[in-house]
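>>> Let me see the structure of the following:
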Amino acid sequence: MKRKSARPSFSRRPSFNKREKTDKGGRIRQRNQRLAFLVLFLLLVVTGVVILMVRNGQKQEKSAETSQEMNDHTNYGPEEWMSQGAPYIDVQLLTPNEYSRPQLPLNGADYIAIHYTANPGATAQNNRDYFENLSISHEAKVSSHFVVGLEGEVIQCIPTSEMSYATNSRNVDSISIECCHKDDTGVFEQETYDSVVKLAAWLCARFGLTSEQVIRHYDVTGKNCPAQMAGSGNAEWAAFKARVKEILNGGASSGNSGASSGTNGDFPATPFQVKVLVSDLNIRSNPSMGNNVKGQTGKGVFTITEVNDGWGKLKSGAGWIYLENKEYVTVLGSSSGSSQPAAPAKKSVEEVAKEVLRGDWGNGADRKKRLETAGYNYAQVQAAVNRLCK
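Alright, predicted model coming up:
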């Protein structure tokens, strides 16, 4: 009898069904994970695209602002500004950089801040180029909206919509003006003074400010800046602000460079004689302190053939001497026979103080020299100026 072969047992068959279910669940989880990663990746891509679009929009906006600023300079530039009362402004904007032109927005033009460069002999262009080079040297953070030069030239370095590094805590709401000077005294040349007065007055008018909103670096930090006008009760500063106020009120934009009219004034009819009391009175090529010294007279009596702004032309043709300082020169009278002395009539201290405020006597050391040469007590005149400014 044949033995039946043993048949395999399928008692473990259900385990295959369980494995299939397990594998199916794993595939579902893997698919879900892949979908989650895909969704996350898509979210990251979308986020990146949005960020790039925002940044690009900001760049375009900034570019548009810069372009608008440049268009403003093109369409409403120096000629237009001059018609509004400004001096000629040479626009040389600095290259944007964190050391001199950070392109931070000005919170509002609430003040006009006057400075001096503390860099004797340097021109407006020299100072502007120094600001520009800070983007390379990184030696300091300093700049100014405008620089006024030794001959009255004006360079704009920063748009008035942006902040400069000049006035410390007032950087955020002031427009700064740096002024050049020839020497360590910090005294401005007359051309510099006239230009900064016009520029300050024009900026005040442009931004709706008064002369009381024209300030010094000294007013912010106590720094001796500008040196010529620093300190409490400074008469030079009072006169400067008075000139700005006068221009804003419709007055002339620059002071008369001298106190005389260029005629004989109160001197005798020419020719007349003068007695020089000092041995070193300068002879100049033309009737002005700014002209070349050709020599000196020595003591003695000299004949004057022409008078111009208080200067007398020597009969010898050697040049001109200044006649209005009575410590140096005494007018003897007409050489035709009259020996009656004739000195310039002096005005009251109050009258002269009003002329100072009008700008008729110049500023700084030049003003002091003119007043003393004309026989006035400088301290008394400045005290009267201070009284009038209160």
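
>>> Only C-alpha atoms from now on, for both contacts and neighbour counts.
Fine.

>>> for the lengthiest strand in the chain, packing partners?
Secondary structure assigned by DSSP state E gives strand 300-308 as the longest strand of the chain. In terms of contacts (3 or more Cα pairs under 8 Å, 6 or more residues apart in numbering; DSSP states H and E), strand 300-308 is packed against strand 272-276, strand 311-314.

>>> Highest mean neighbour count out of the ones you listed?
With neighbours defined as mean count of other Cα atoms under 10 Å, the helices and strands packed on strand 300-308 peak in mean count at strand 311-314, which reaches a mean of 24.

>>> could you say what helices and strands whichever helix or strand comes after that strand packs with?
Counting by DSSP states H and E, the element after strand 311-314 in chain order, helix or strand, is strand 320-322. Strand 320-322 is packed against strand 282-284, strand 311-314, with contacts defined by 3+ Cα pairs under 8 Å, 6+ apart.

>>> okay, these in CSV with distance to residue 271 next?
Below are the helices and strands packed on strand 320-322 laid out as CSV (distance: least, Cα to Cα, whole Å):
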stretch, distance to residue 271
strand 282-284, 18
strand 311-314, 10
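
>>> rewinding a little: wait, which of the helices and strands packed on strand 300-308 is closest to residue 146?
strand 311-314 (37.2 Å; Cα to Cα).

>>> Next, the residues that contact the closest one from outside, please.
287-288, 302-307, 319-324 (Cα atoms under 8 Å, 6 or more residues apart in numbering).

>>> just the helices in the stretch 1-150 of the chain please.
Ranges of helices within the stretch 1-150 of the chain are 13-75, 78-83, 124-137, based on DSSP state H, counting those that start in this stretch.

>>> Comparing those by mean pLDDT, which bottoms out?
Ranked by mean pLDDT, those bottom out at helix 13-75, which scores a mean of 68.

>>> residue ranges with poor pLDDT in the stretch 251-390 of the chain?
For the stretch 251-390 of the chain, the stretches with pLDDT under 70 are 251-265, 288-292, 333-346, 389-390.

>>> Any idea how many residues pack against residue 223?
Residues contacting residue 223 under the criterion other Cα atoms under 10 Å number 13.

>>> do you know how far the residue nearest to residue 313 when sequence neighbours are not counted is from residue 220?
Nearest non-adjacent residue to residue 313, counting by Cα to Cα, 6 or more residues apart in numbering: residue 320, 4.4 Å away. Per Cα to Cα, to the nearest Å, residue 320 is found 46 Å from residue 220.

>>> Mind checking which of those two has more residues around it?
Remark: of residue 320 and residue 220, residue 320 carries more neighbours, 26 against 14, as counted by other Cα under 10 Å.

>>> on that earlier part again, which one among the contacts of strand 311-314 gets closest to residue 135?
Ranked by distance to residue 135 (Cα to Cα), those are led by residue 288 at 43.6 Å.

>>> Which helix or strand contains the residue positioned nearest the centre of the chain?
Centroid-nearest residue in the chain: residue 177, 1.6 Å away (criterion: Cα atoms, centre = their mean). Assigned by DSSP H and E, residue 177 belongs to strand 174-179.

>>> cool, residue 238 as well?
helix 235-248.

>>> chain center to that helix: distance?
16 Å (Cα atoms, centre = their mean, to the nearest Å).

>>> I'd like the average pLDDT over that helix.
So the average pLDDT for helix 235-248 ends up being 89.

>>> thinking again about what came up before, how about the helices and strands packed on strand 320-322, which one is nearest residue 48?
Going by Cα to Cα, the one of the helices and strands packed on strand 320-322 nearest residue 48 is strand 282-284, 76.6 Å.

>>> tell me what that closest one is packed against?
Under the contact criterion of 3+ Cα pairs under 8 Å, 6+ apart, strand 282-284 touches strand 293-296, strand 320-322.

>>> re the thing from before, is it possible to get a markdown table of the helices and strands packed on strand 300-308 that adds distance to residue 92?
Shown next, in a markdown table, are the helices and strands packed on strand 300-308 (distance: least, Cα to Cα, whole Å):
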| stretch | distance to residue 92 |
| --- | --- |
| strand 272-276 | 52 |
| strand 311-314 | 42 |
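
>>> so which of these gets nearest residue 244?
Of all the helices and strands packed on strand 300-308, it is strand 311-314 that lies closest to residue 244, at 30.7 Å by Cα to Cα.

>>> C-alpha coordinates for the closest one, CSV please?
The C-alpha trace of strand 311-314 is given here as CSV (Å, rounded to 0.1, in the frame of the first residue of the first chain):
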residue,chain,number,x,y,z
TRP,A,311,42.1,156.1,0.0
GLY,A,312,44.2,158.9,-1.4
LYS,A,313,46.3,158.7,-4.5
LEU,A,314,49.8,160.1,-4.1
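
>>> can you give me how far it is from the chain middle?
39 Å.

>>> What's the mean pLDDT across stretch 140-156?
On average, stretch 140-156 scores 96.

>>> Check which residues of that stretch are buried.
By 16 or more other Cα atoms under 10 Å, the buried positions in stretch 140-156 come out as 141-156.

>>> got the end-to-end distance for that stretch?
Stretch 140-156 stretches 20 Å from its first residue to its last (Cα to Cα).

>>> Next: stretch 82-89.
So stretch 82-89: terminal residues 8 Å apart, Cα to Cα.

>>> With stretch 160-170 instead?
End-to-end distance for stretch 160-170, by Cα to Cα: 14 Å.

>>> what's the answer for stretch 285-301, then?
Taking Cα to Cα, stretch 285-301 runs 20 Å from one end to the other.

>>> how about JSON lines for the helices and strands packed on strand 282-284, with distance to residue 43 added?
Output for the helices and strands packed on strand 282-284, formatted as JSON lines (distance: least, Cα to Cα, whole Å):
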{"stretch": "strand 293-296", "distance to residue 43": "83"}
{"stretch": "strand 320-322", "distance to residue 43": "87"}
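
>>> Mean neighbour count, those: which tops it?
strand 320-322 (a mean of 26).

>>> so how far is that strand off the chain centroid?
That offset, for strand 320-322, works out to 36 Å (Cα atoms, centre = their mean).
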